[in-house]
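A.B. asks: compute the structure for the input listed below.
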Amino acid sequence: MTELRLVAGVDCSTQATKVLVCDAVTGEVVREGRAPHPDATQVDPAEWWKAWELASDGILDGVQAIAVGGQQHGMVLLDESGEVVHPAVLWNDTSSADATTELITELGGPEAWAEAIGSVPVPSFTVTKLRWVRDKEEASRAAAVVLPHDWMTHRLAADRSGISGITTDRGDASGTGWWSPTTNSYRTDLVELAFGRQLALPRVAGPAEIVGETSFGAAIAAGTGDNAAAALGLDLQPGDVAVSLGTSGTAFARSSHPTKDATGLVAAFADATGEYLPLVCTLNAARVMSATAQMLGLELSAFDEAAITSPGSDGLVLLPFLDGERTPDLPHSTGLIYGLTRATMQPATMARAAVEGLLCGLADAVDALRDQGVPVQRVLLLGGGARARSVQALAPALLGAEVVLPEPAEYVALGAARQAAWALSGAPTPPTWNIPVGKPEPPVTIDATTIRANYEQVLTNTRPLLSQPYNVG
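C.D. replies: Now for the predicted structure:
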C-alpha cells in the first residue's frame, strides 16, 4: 500500500485557527482541528499561535508541507528583534476611518490611489491602520510591518531570526495599500506617506515557492491572504464569481488582467497563482440575518422559513449597515429600515426585507465586478449565510446569474493545503482537486428590478445622513 503524501493548510481567520491535513494528490481531508481566537478587533498575535498549537495538536504526523491562509489587511508591527510592539489591528477595526480620508487626500484623491495600487483605501486596508498608529508611543519602536499570514509563516519556521527572512505573497501584499499588482512591486513611498518613515517589508515570494522548514521537518509554502486561499480552494474558473456570506460579505473572481477602480468599490488584489483577484467586500453579511432574527424573537431556522415563505417585502427596505460599512464606504453608518407601515411591520415581511437588503448589497458588489470587465456566468455561494434557504432562493434573481452551492468546507484552509501540495510537487500548476457542488434551493419568482431600485433609492437619499457619525450620547 502506497503511503499518503500529506500536506496541511492553515486558516488563521478573524474568529479561529483551522487546520486541515489533506492527501496531496486528491485533496481529501484526513484530519482537522480548530481553536478559537479572542473576539476583538485588536489582538495579541500570540493568541493566534496558541490557537495554532491547540488546533494542530496531534494531527501533523506525516505532513510534508504546510501553508498559511491568513485574514487580510491586519497590521502587525515588529521591533528589530521580531517582537510585537502593538496589538495586531484587524481588518474589521474601523478606528482608521479618519486616517483613510487624510491619506486619500494627501496622495491626490481616489484616482491617484487607483493609479498607484489599483484600489482606493478603505479603513480595513493596512496602510490606513499604519497612519492611525503613527503617533502612538509604541510606533517609535517599530522596525517592520507585516500581515497576520506573514507573521504566522515566519513563526512556523525553525530557523527564524528577528525580522530577517520574513516573506509574504502577492495575494496578501496586494491588500496592504502599498503594493501594486500591476507592477508587482512595493510602493515604499506610500509606507512613508502613512507612517512618516520607512519600515522593513516582507519579501514577496512566488506562488509555489518553499520559503522555509518547520521544526517537524515540513516544507513551508508561501501562503497567502484568506480570499486568495479561498479562490485556490474553490478552484475558481473564468466566469466564476465567489460570493461569500460570513462575518463579512465578499464577491471575488479570478482575472487575467489587473483592475483599477477609482470609485473604491473594487479592490485590485492579486491571487495566489500569479494572476489577479478583483474583490468587493462588505462588513455586514450573515450576522444581518442573525441580528434580525434576534430582534424578531425568532430562532434562525424560523427566521429563514419566514423569509422564504413571505409573499414579499411590500416595499420595506433594510439597509444592513449594522457595523458600519466598508462598501459603500460608510464607516460611521448604522442600519436603516425604510417603508414601515402597519402592513409591513410583520415578522415575515421584516425577515424577507433583511435577506433582500443583504443580497442587494452583494448584488451591487457583483455589478461592480462586471463594470471592471469581469465576466459573471456563475455564482458560487458559500459561507455560513449561504446555508439559509431564503438566501439560496432569492440570490439568482438579485445577483443576476446562475447560483451553485459548493459543499460546505473550510475553503481557506483547503486552498492553503492545495498551495502546499503545489509547492511540494514542483509542478508548474496547482494539483487538480475535486470540489463537490450541491444543488441550492429552487429559485423563487420575485421582481428583482423593483427590489433593487427601492434599495438604491433609499441608499442614495439617506447617504448624507449615513456618512455622519451617529450620536449615541
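
A.B. asks: check which helix or strand residue 127 maps to.
C.D. replies: helix 126-133 (DSSP states H and E).

A.B. asks: work out the gap between the following helix or strand past that helix and the centre of the chain.
C.D. replies: The helix or strand immediately downstream of helix 126-133 is strand 144-146, counting by DSSP H and E. Mean-position distance between strand 144-146 and its chain equals 20 Å (CA atoms, centre = their mean, to the nearest Å).

A.B. asks: show me where pLDDT drops low in this structure?
C.D. replies: Applying pLDDT under 70 to the chain flags residues 1-2, 472-473.

A.B. asks: helices or strands up against the longest helix along it?
C.D. replies: Using DSSP state H, we find that the single longest helix of the chain is helix 347-371. Counting by 3 or more CB pairs under 8 Å, 6 or more residues apart in numbering; DSSP states H and E, the packing neighbours recorded for helix 347-371 are strand 240-245, strand 249-252, strand 276-282, helix 286-296, helix 300-309, strand 317-319, helix 389-399, helix 448-466. C-beta: built from backbone N, CA, C; applies to glycine.

A.B. asks: could I get those as CSV with distance to residue 138?
C.D. replies: Shown next, in CSV, are the helices and strands packed on helix 347-371 (distance: least, CB to CB, whole Å):
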stretch, distance to residue 138
strand 240-245, 34
strand 249-252, 31
strand 276-282, 28
helix 286-296, 31
helix 300-309, 41
strand 317-319, 37
helix 389-399, 42
helix 448-466, 33
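
A.B. asks: quick one: which of those is nearest residue 262?
C.D. replies: Nearest to residue 262, of all the helices and strands packed on helix 347-371, is strand 276-282, at 13.8 Å by CB to CB.

A.B. asks: what's the angle between the longest helix of the chain and helix 389-399?
C.D. replies: Helix 347-371 runs at 40 degrees relative to helix 389-399, counting by axes from the mean of the first three to the mean of the last three CA atoms, to 10 degrees.

A.B. asks: only the buried residues of helix 347-371, if you could.
C.D. replies: Of the residues in helix 347-371, 347-369 count as buried by neighbour count, 16 or more other CB atoms under 10 Å.

A.B. asks: now stretch 451-459
C.D. replies: 451, 452, 454, 455, 458, 459.

A.B. asks: for the residue lying closest to the first one once chain neighbours are set aside, which residues are in contact?
C.D. replies: Once its chain neighbours are removed from consideration, residue 451 has its nearest residue in residue 356; the separation is 5.5 Å (CB to CB, 6 or more residues apart in numbering). Under the criterion of CB atoms under 8 Å, 6 or more residues apart in numbering, the contact partners of residue 356 comprise 313, 317, 318, 394, 398, 451, 455.

A.B. asks: show the end-to-end separation of stretch 324-332, please.
C.D. replies: End-to-end span of stretch 324-332 (CA to CA, to the nearest Å): 5 Å.

A.B. asks: typo on my end, it should be stretch 103-115
C.D. replies: By CA to CA, one end of stretch 103-115 lies 14 Å from the other end.

A.B. asks: heads up, I number from 36, so please use that
C.D. replies: That works, and once the first residue is 36, the last one we named lands at stretch 138-150.

A.B. asks: can you pull out the helices in this structure?
C.D. replies: Using DSSP H, helices in the chain cover 81-91, 132-142, 145-152, 161-168, 183-191, 205-208, 223-230, 261-269, 321-331, 335-344, 382-406, 424-434, 446-460, 483-501.

A.B. asks: hmm, back to that, so which of the helices and strands packed on helix 382-406 gets nearest residue 197?
C.D. replies: Closest of the helices and strands packed on helix 382-406 to residue 197 is strand 311-317, at 31.3 Å (criterion: CB to CB).

A.B. asks: show me the contacts for the residue positioned nearest the centre of the chain.
C.D. replies: A centroid search over the chain (CA atoms, centre = their mean) returns residue 262, at 5.0 Å, as the residue closest to the centre. By CB under 8 Å, 6+ apart, the residues touching residue 262 are 107, 206, 285, 287, 304, 312, 314.

A.B. asks: how about a cut-off of 6 Å?
C.D. replies: Contact analysis of residue 262 by CB atoms under 6 Å, 6 or more residues apart in numbering lists 287, 314.

A.B. asks: if I look at it, how far off is residue 109?
C.D. replies: 13 Å (CB to CB, to the nearest Å).

A.B. asks: so how far does stretch 290-310 reach from one end to the other?
C.D. replies: 6 Å.

A.B. asks: got the contact list for it?
C.D. replies: Contact partners of stretch 290-310, identified using CB under 6 Å, 6+ apart, comprise 145-146, 149, 153-155, 205-206, 209-210, 216-217, 242, 259, 263, 266-267, 289, 311-315, 362, 364, 403, 407, 409, 454.

A.B. asks: buried ones among those residues?
C.D. replies: For those, buried by 16+ other CB under 10 Å: 145, 149, 153-155, 205-206, 209-210, 216-217, 242, 259, 263, 266-267, 289, 311-315, 362, 364, 403, 407, 409, 454.

A.B. asks: the helix holding residue 162 vs helix 145-152, what angle?
C.D. replies: 110 degrees.

A.B. asks: so helix 161-168 versus helix 132-142, what angle?
C.D. replies: 110 degrees.

A.B. asks: put the alpha carbons of helix 161-168 into CSV.
C.D. replies: The C-alpha trace of helix 161-168 is given here as CSV (Å, rounded to 0.1, in the frame of the first residue of the first chain):
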residue,chain,number,x,y,z
THR,A,161,-3.3,48.1,6.3
VAL,A,162,-2.0,51.5,5.1
THR,A,163,-4.7,53.3,6.9
LYS,A,164,-4.0,51.5,10.1
LEU,A,165,-0.4,52.4,9.8
ARG,A,166,-1.3,56.1,9.6
TRP,A,167,-3.7,55.6,12.6
VAL,A,168,-0.9,54.1,14.8
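
A.B. asks: now it, how far from the centre of its chain.
C.D. replies: 18 Å.

A.B. asks: quick check: residue 478 touching residue 431?
C.D. replies: Yes - between residue 478 and residue 431 there is a contact under CB atoms under 6 Å: 4.4 Å.

A.B. asks: who's more crowded, those two?
C.D. replies: Higher neighbour count among residue 478 and residue 431: residue 431, with 20 against 15, using other CB atoms under 10 Å.

A.B. asks: tell me the spacing between that one and residue 390.
C.D. replies: Distance, residue 431 to residue 390, by CB to CB: 13 Å.

A.B. asks: what pairs with residue 240 across the strands?
C.D. replies: The partner list for residue 240 in beta bridges (DSSP bridges) reads residue 204.

A.B. asks: possible to save the helices of the chain as CSV with distance to residue 103?
C.D. replies: CSV is the format used below for the helices of the chain (distance: least, CB to CB, whole Å):
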stretch, distance to residue 103
helix 81-91, 9
helix 132-142, 27
helix 145-152, 23
helix 161-168, 17
helix 183-191, 5
helix 205-208, 10
helix 223-230, 23
helix 261-269, 9
helix 321-331, 24
helix 335-344, 31
helix 382-406, 26
helix 424-434, 30
helix 446-460, 6
helix 483-501, 37
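
A.B. asks: give me the neighbour count for the nearest residue to residue 82 once chain neighbours are set aside.
C.D. replies: Nearest residue to residue 82, sequence neighbours excluded (CB to CB, 6+ apart): residue 73, at 5.5 Å. Residue 73: 13 surrounding residues under other CB under 10 Å.
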